[in-house]
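**Student:** here you go, sequence then predicted model.
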Amino acid sequence: ARPRGGAAGGKKFENKLSEKPEGCTKIFCGNLSWDIDDDQMKSFFKDCGDVTAIRWLTDRNSGDFKGVGFVDFSSENAVDLAVKKAGERLLGRPIRIDFAN
């Protein structure tokens, strides 16, 4: 699946992690390229563990991709490894990562 278009923002990158929820197996990913798709996201996190689901956020009215999504992993350990990738470039953009419920 590939999210649908929109406009890119020019904000400075800063990644602040929230407190990790107990049993956390999901992360929030932001500052994503409009060209991202499931396969590219899975490839980016392949060294962290098994990605079990990806959900892209879209505008309720227009259906445009908002540049953010959620990634579910099979284990807490995979999430711990994934959040360490915050700031790495994915499709030319520094990815924002945080724990999610």
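**Tutor:** Happy to help now that I have it.

**Student:** pretty sure Val68 sits in a strand.
**Tutor:** Yes: membership of Val68 in a strand is supported by DSSP: H, G, I helix; E, B strand; the rest coil.

**Student:** please name the residues that touch it.
**Tutor:** Phe28, Cys29, Gly30, Asn31, Leu32, Trp56, Leu57 (CB atoms under 8 Å, 6 or more residues apart in numbering). C-beta: built from backbone N, CA, C; applies to glycine.

**Student:** okay, those in a markdown table with distance to Phe70 next?
**Tutor:** What follows is those, written out as a markdown table (distance: CB to CB, whole Å):
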| residue | distance to Phe70 |
| --- | --- |
| Phe28 | 6 |
| Cys29 | 7 |
| Gly30 | 10 |
| Asn31 | 14 |
| Leu32 | 11 |
| Trp56 | 8 |
| Leu57 | 8 |
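
**Student:** so the spatially most central residue of the chain bridges to which residues?
**Tutor:** With distances taken as CA atoms, centre = their mean, the residue of the chain nearest its centroid is Cys29 (2.3 Å). Cys29 has these beta-bridge partners by DSSP bridges: Gly69, Ile97.
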